[in-house]
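got a predicted model here, sequence first, then my questions.
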Amino acid sequence: MKPDLANHELLKFRLRHEKRLTLSEIAKRLNIKPGSVTAVSQGYRRSRRVEQALADALDTSPEELFPDRKYERKKS
């Protein structure tokens, strides 16, 4: 997986300025290490759970937040 540090910086900026949140606070909500959230936001790792939490925090979808990543639609 190729890192996207520009998107990572934009995501951090939006969290801080739009929602007054940090990646560490997202990690606490998920009960995981902050480095895990950072790795996902930078594009080094994938985690649907973390991607969804970041998107939820910014009132958007993972597809909008990470447009270069492929997502499968859930079957109903």
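Looks like it arrived, so ask away. Residues are numbered from 1 along each chain as shown.

for this protein, what spans make up the helices?
Listed in chain order, the helices found in the chain under DSSP state H are 5-19, 23-30, 34-42, 48-57, 62-65.

looking at the ones you listed, which is buried most?
By mean neighbour count, with neighbours taken as mean count of other C-beta atoms under 10 Å, helix 34-42 ranks first of these at a mean of 19. From N, CA and C alone the C-beta is placed, and that goes for glycine too.

send me that one as CSV with only the CA atoms.
Taking C-alpha atoms only, helix 34-42 is exported to CSV below (Å, rounded to 0.1, in the frame of the first residue of the first chain):
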residue,chain,number,x,y,z
PRO,A,34,-2.6,6.1,18.3
GLY,A,35,0.0,4.7,16.0
SER,A,36,-2.5,2.3,14.5
VAL,A,37,-4.8,5.2,13.6
THR,A,38,-1.8,7.1,12.2
ALA,A,39,-0.8,4.2,10.0
VAL,A,40,-4.2,3.9,8.6
SER,A,41,-4.6,7.7,7.9
GLN,A,42,-1.2,7.7,6.3
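
which helices and strands does it pack with?
Packing partners of helix 34-42 (3 or more C-beta pairs under 8 Å, 6 or more residues apart in numbering; DSSP states H and E): helix 5-19, helix 23-30, helix 48-57.

including distance to Val40, could those helices go into CSV?
Shown next, in CSV, are those (distance: least, C-beta to C-beta, whole Å):
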stretch, distance to Val40
helix 5-19, 9
helix 23-30, 9
helix 48-57, 4
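
fine, thanks again, bye for now.
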